[in-house]
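Colleague: Got a predicted structure plus its sequence, pasted below:
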Amino acid sequence: MKFSEVWKAQCETARQIEAEFGTQHAIAYLIGDQFLNFLEAAENDAEFRAEIPAFVAEIKIIFEPWQFAEHLKTARQSEPFDPGDYDDENAETVEWERQSEIHRSATDLLLVECAKDWLLGQRDDTSTGSSFMQPLWRTCWLPHSC
């Protein structure tokens, strides 16, 4: 299956979700899940990167900018880490889980900021460079593998 077929199918699914369950569910599916996952895959895959402008254009046809702007305000936010959730674990495991949560949160934050740039910014290029999120990743204090 071509990459363009993937996002086109996801957009069609979002339209069906919107018709059956409402706009918020459709936005959560298409932007909160599929588009953010697509951006994450695009970080290391030029074929995904090449499809981003067309995917963004289709999202902008389906939803109004204020709708996805509202969703992106809270996309991928999680509850604060609670060491009490690990009462039966040793200190090393709790610390590993805490660091893993920081890593996931940082990655999610950067993906959401990249999505905001694509969906709400003036970006319309194909960004075929080796790291289309370079400005965001450059500010990341974690290693590039985040």
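Modeller: Arrived safely, thanks for sending.

Colleague: Name the nearest residue to residue 41, sequence neighbours excluded.
Modeller: Closest residue to residue 41 apart from its sequence neighbours, by CB to CB, 6 or more residues apart in numbering: residue 48 at 4.8 Å. Bear in mind the C-beta positions are built from the backbone N, C-alpha and C, glycine included.

Colleague: Where do the helices of the chain begin and end?
Modeller: Counting by DSSP state H, one finds helices in the chain at the ranges 3-21, 23-27, 36-42, 46-62, 65-72, 91-120, 134-139.

Colleague: Can you pull out the low-pLDDT segments for the chain?
Modeller: The model of the chain has pLDDT under 70 over residues 1, 3, 122-146.

Colleague: Can you pull up the most central residue in it?
Modeller: To find the centre residue of the chain, average its C-alpha atoms and take the closest one (CA atoms, centre = their mean): that gives residue 36, at 2.1 Å.

Colleague: Distance check, that residue against residue 18.
Modeller: Counting by CB to CB, to the nearest Å, the gap from residue 36 to residue 18 is 18 Å.

Colleague: and residue 52, how far is that from residue 12?
Modeller: Computed as CB to CB, the residue 52 to residue 12 distance reads 18 Å.

Colleague: which of these two has more neighbours?
Modeller: Comparing residue 52 with residue 12 by other CB atoms under 10 Å, the one with more neighbours is residue 52, at 22 against 12.

Colleague: neighbours around the nearest residue to that one once chain neighbours are set aside, how many?
Modeller: For residue 52, ignoring the flanking residues on the chain, the nearest one in space by CB to CB, 6+ apart is residue 42 at 5.9 Å. For residue 42, the count of nearby residues is 22 (other CB under 10 Å).
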